[in-house]
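*Asks:* What follows is a predicted protein model with its sequence.
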Amino acid sequence: MRAIAIDGPAGAGKSTVARRVAERLGAKYIDTGAFYRALALKAREAGVSADDEEALARLWAESEIALEGAGGAVRIRLDGRDVTEAIRRPEIGAAASRVARHPAVRAAVVARLRHLAEREAVVMDGRDIGTVVLPEARIKIFLTASPEARARRRHAELAAAGYAVRFEDVLAELVARDRQDMTRETAPLRKAPDAIEIDTTDKSIEEVVGAIVALAEAQHQAFLSVEGR
Ligand code: CDP
Ligand code: CDP
């Protein structure tokens with residue numbers, strides 16, 4: 001399968017890195033967290049509890065969630081409305097993590113994601129891509145960074161977007177979300193046995209992107225030499 005799977009905790013750099021890797025390799029970037037975030041936003045607006053698995057699954061079935069555009073300009077559409085910015089609100093990250101605990105929700109999202117990866121070369125980022133969604137992916141990356149570094153990055157991002165949030169609150173939210181994502185029963189966040197772990201704490205985005213692109217190119221060369229025999 002012509003896919004690159006990138007997993008890891010919040011703020012490890014997954015979406016920034018995955019987007020650039022996709023651009024460099026001419027693949028499609030798929031932000032899987034956006035699906036859980038969009039469903040969480042819709043549930044909030046509809047007054048559906050993040051604990052109500054059945055109602056959430058129903059809400060997903062009647063929702064139209066689409067990723068539009070390519071490269072750095074991907075927009076997220078929910079029932080025809082552009083929610084690209086709305087789903088980045090800090091409270092939606094926490095709500096998405098609660099929505100994402102439910103097996104019925106995950107099964108529906110995973111089926112959609114697999115379908116997207118069948119059609120073209122993709123770089124997909126999330127929590128369970130290498131373990132559950134695309135276990136056959138050619139390259140699996142597990143990105144990490146210290147909680148402080150990840151909270152600093154997320155805090156800077158939120159400040160730039162105009163949110164007045166305290167660093168301590170961002171750190172606490174991030175640590176709580178990691179715990180929820182790593183301890184849930186269905187598809188918890190964990191490194192696939194065959195994933196390569198990259199600690200990005202002291203690495204620039206370009207360094208990480210370069211390392212993944214080099215891995216993809218080396219694999220492609222190996223594939224060609226086997227084919228040519
Ligand atoms: O997708 P994920 O939550 O894993 O992280 P992200 O949204 O891609 O990255 C969070 C922030 O950290 C972004 O503003 C990136 O520019 C920044 N970042 C960084 O400073 N250094 C890295 N090596 C990776 C990301
Ligand atoms: O960008 P950030 O890492 O903060 O979050 P995200 O990737 O947008 O994901 C938001 C939440 O959705 C995560 O905390 C997970 O609970 C859930 N998620 C998941 O369970 N599986 C995925 N493949 C992607 C996201």
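*Replies:* Noted; the coordinates are in hand. These numbers were taken from a predicted model, which means no experiment stands behind them. Ligands and ions are numbered 1, 2, ... in the order given.
*Asks:* What are the boundaries of the helices in the chain?
*Replies:* 14-25, 33-46, 53-61, 90-99, 103-119, 147-160, 167-183, 205-228 (DSSP state H).
*Asks:* buried ones in the second one?
*Replies:* Pointing back at helix 33-46 there. Buried residues in helix 33-46, defined by neighbour count with 16 or more other CB atoms under 10 Å: 33-44. The way it works is simple: take the backbone N, C-alpha and C, and place the C-beta from them, glycine included.
*Asks:* I'd like to know which elements that helix is packed against.
*Replies:* helix 53-61, strand 65-68, strand 75-78, helix 90-99, helix 103-119 (3 or more CB pairs under 8 Å, 6 or more residues apart in numbering; DSSP states H and E).
*Asks:* is ligand 2 contacted by the longest one?
*Replies:* Read it as helix 103-119. No. Using CB under 6 Å from any ligand atom, helix 103-119 stays clear of ligand 2, coming no nearer than 7.1 Å.
*Asks:* Touching that helix from outside, list them.
*Replies:* By CB atoms under 8 Å, 6 or more residues apart in numbering, the surrounding residues in contact with helix 103-119 are 1, 3, 28, 30, 32, 35-36, 39, 53-54, 56-57, 60-61, 99-100, 122, 124, 128-129, 132-134, 185-187.
*Asks:* what comes up buried for it?
*Replies:* Neighbour count says helix 103-119 has 105-106, 108-110, 113, 117 buried, by 16+ other CB under 10 Å.
*Asks:* and of the buried residues of helix 33-46, the nearest to ligand 1?
*Replies:* Comparing the buried residues of helix 33-46 against ligand 1 with CB to the nearest ligand atom places residue 33 closest, at 7.1 Å.
*Asks:* Between helix 14-25 and the helix or strand of the chain with the lowest mean pLDDT, find me the angle.
*Replies:* Comparing every helix and strand of the chain by mean pLDDT, DSSP states H and E singles out helix 205-228 as the least confident one, with a mean of 86. Relative orientation of helix 205-228 versus helix 14-25 (axes from the mean of the first three to the mean of the last three CA atoms, to 10 degrees): 50 degrees.
*Asks:* Wondering if helix 205-228 reaches ligand 1 at all.
*Replies:* Yes. Residues of helix 205-228 contacting ligand 1 under CB under 6 Å from any ligand atom: 205, 208.
*Asks:* Could you give the separation of that helix from the chain centroid?
*Replies:* 22 Å (CA atoms, centre = their mean, to the nearest Å).
*Asks:* Which of the buried residues of helix 33-46 sits closest to residue 208?
*Replies:* Here the nearest of the buried residues of helix 33-46 to residue 208, counting by CB to CB, is residue 33; it sits at 18.1 Å.
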